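# Fold the following.
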Amino acid sequence: MTSRLACCCIGLLLFVDSMDAQQVVFSRRVYKTRGQSFQQLWIWSPMDGKLEPLTRSARNHERPTCSRDGTRVFFDSEEDRWRLDRNTAIEQRMDDRSAAARVATSDAPNVQVPQCDDGTLSTSPDGLRVACAAHGEEIVIVDLASLQEIERVPFGQRYSNGERYPPWPLESTWSPDARQLLVGTYGGSSTSPALEYFLLDLATERWTRAFTGNGPVWMPDVANIVFTTPRELVPLPGSWKRHVWAEHLAVYNLATDQATPLTSGVTNNMQPTLCGSLSSR
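You can find the predicted model right below:
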């Protein structure tokens, strides 16, 4: 009994450590009634729910990616690629953009898979399989070594009015345990682009409608997905003539089928990415 309890405690500690070791870095603009505001880097910690700024400099910080150890965050500002040292808070322009590109691992392998639509490859966490769209109407799982097809599942989902979604280059994202795929199809408009996401259980081939948004990121617990809501024009307080684009960070819980906002107010929150926690080192 004692040994069993000890194993349970160790498992719980490992789970907590894995959650604490991963935070979400994203680009966030807090609009000002007067003066210029910028897209800054912020971080959300799932263990305590804290939102904290990483930068406050007078430049935009967009499309963040993190180094493997989480100590550096790379971002775009205008035409340049920059690097933020999280230990010193120093931002430096990078002369070699390819150096940052090498740090951020690409999800798509550099191979041609005949069964797949162009630009739809997504690699499994173990690197042995890829998921892709076929003719915009099916999800195909392929063994990466042999390029042999393992599984093919029709998308076949419908709008709320019963009409089927038209063929589209479906976007797939593997769950960390490789048991599910988050599949997105176009569901927004030209002014408010967003995808409608569905979960595919690979064992049962069962589809479940999830949420509408952009930039989904699976959390290590496989129970939650962080994403951004579709953008919308909102009035800027104190300026009745001016409207600004706003979108928010939210987290979708698979067990409850509920999405909970993580940000609010007249802010623009976008492009979340996972980043290692400095406190876990």
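# I figured V226 hits H248, correct?
No. V226 lies out of contact with H248 (Cβ atoms under 8 Å); the separation is 11.1 Å. (C-beta placed from N, C-alpha, C; glycine too.)
# Quick check: neighbours shared by these two?
Between them, V226 and H248 share these contacting residues under Cβ atoms under 8 Å, 6 or more residues apart in numbering: L262.
# Would you check that R29 makes contact with Q36?
No. Using Cβ under 8 Å, R29 is not in contact with Q36, being 10.4 Å away.
# Which one of these two is surrounded by more residues?
R29 (21 against 7; other Cβ atoms under 10 Å).
# So which bits of the helix or strand hosting Q271 are buried?
In the assignment (DSSP states H and E), Q271 maps to strand 267-276. Residues T267, N268, N269, M270, Q271, P272, T273, L274, C275, G276 are the ones in strand 267-276 that count as buried (16 or more other Cβ atoms under 10 Å).
# Can I get the residues you listed in TSV including pLDDT and distance to T212?
Output for those, formatted as TSV (pLDDT from 0 to 100; distance: Cβ to Cβ, whole Å):
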residue	pLDDT	distance to T212
T267	97	19
N268	97	18
N269	98	16
M270	97	15
Q271	97	17
P272	98	16
T273	97	20
L274	95	22
C275	94	25
G276	90	29
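# which among those gets closest to W207?
Nearest to W207 among the buried residues of strand 267-276 is P272, at 24.2 Å by Cβ to Cβ.
# what's near enough to touch the closest one?
P272 touches V24, V25, F26, W44, G215, V217, V226, F227, T228, L249, counting by Cβ under 8 Å, 6+ apart.
# Show me the two of those residues that sit farthest apart.
V25 and F227 (14.4 Å).
# what's the burial count for H243?
13.
# Does it touch L233 like I think?
Yes. Using Cβ under 8 Å, H243 is in contact with L233, at 4.5 Å.
# how about the strands of the stretch 151-281 of the chain, start to end?
Using DSSP state E, counting those that start in this stretch, the strands of the stretch 151-281 of the chain run over residues 171-174, 180-186, 195-201, 206-218, 224-228, 232-236, 239-246, 249-253, 258-261, 267-276.
# List the neighbouring strands of the third one plus their orientation.
Just to be clear, that refers to strand 195-201. Within its sheet, strand 195-201 is paired with strand 180-186 (antiparallel), strand 206-218 (antiparallel), according to DSSP bridges.
# How many residues are close by Y197?
23.
# Just list whatever residues bridge to it.
According to DSSP bridges, beta-bridge pairing links Y197 with G184.
# Next one: it from P272, what distance?
Distance, Y197 to P272, by Cβ to Cβ, to the nearest Å: 14 Å.
# Equivalent analysis for Y186, please.
For Y186, the distance to P272 (Cβ to Cβ) stands at 20 Å.
# For the strands of the stretch 151-281 of the chain, which has the smallest mean pLDDT value?
Ranked by mean pLDDT, the strands of the stretch 151-281 of the chain end with strand 239-246 at the bottom, a mean of 86.
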